[in-house]
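*Asks:* Next come a sequence and a model predicted from it.
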Amino acid sequence: MQNDEQAIRDLVEQWSAASMAGKVEEVLELVAEDAVFHVAGREPYGKEAFAQSFRQGLEHVRLEIRSEITELEVVGNLAYMRNHLRVTITPRGGGMPMNRAGYAMTILRKLPEGKWVLSRDANLLTPEVAV
């Protein structure tokens, strides 16, 4: 079980690093083919729509991601995770960065070859308000 938890923590680190480096294909390797993404104000969507949106977004912005796993539970070949995220989105070519923060609830699945992938993700990030 401990090895599975570490593999999932490594996946989160790899996701963040690849996202910040603009390595979309590396991020997509961490996503199940039948993955479903949930975000506020939009119908759930799959891996292909995620890939298209992510590619288009990275043409215009740079990301800085800070991630803190607040809960992680592995049950056989499934796991769920609550993750607190802070994302700074900076327009390429200048402009004011946007900060978003909040929680994501993620379900992961272990593939037959032993690799963990994101299966379902509900991202609840909202604009971060300075206090």
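*Replies:* Ah, there it is.

*Asks:* Show me the residue at the heart of this protein, geometrically.
*Replies:* Nearest to the geometric centre of the chain sits Trp15, at 6.4 Å (CA atoms, centre = their mean).

*Asks:* Packing partners of whichever strand or helix holds that residue?
*Replies:* Of the helices and strands defined by DSSP states H and E, Trp15 is found in helix 2-20. Judged by 3 or more CB pairs under 8 Å, 6 or more residues apart in numbering; DSSP states H and E, the packing partners of helix 2-20 are helix 24-28, strand 61-75, strand 78-91, strand 98-110, strand 116-123. (Each C-beta comes from the backbone N, C-alpha and C, glycine too.)

*Asks:* Ala51 against Leu28, yeah?
*Replies:* Yes - if you go by CB atoms under 8 Å, Ala51 and Leu28 touch, sitting 5.6 Å apart.

*Asks:* Could you report the distance from Pro44 to His84?
*Replies:* Distance, Pro44 to His84, by CB to CB, to the nearest Å: 22 Å.

*Asks:* Beta-bridge partners for Ser67, please?
*Replies:* In this structure, Ser67 bridges to Leu85 when assessed by DSSP bridges.

*Asks:* what do you get for His38?
*Replies:* Bridge pairing for His38 - DSSP bridges - gives Ala122.
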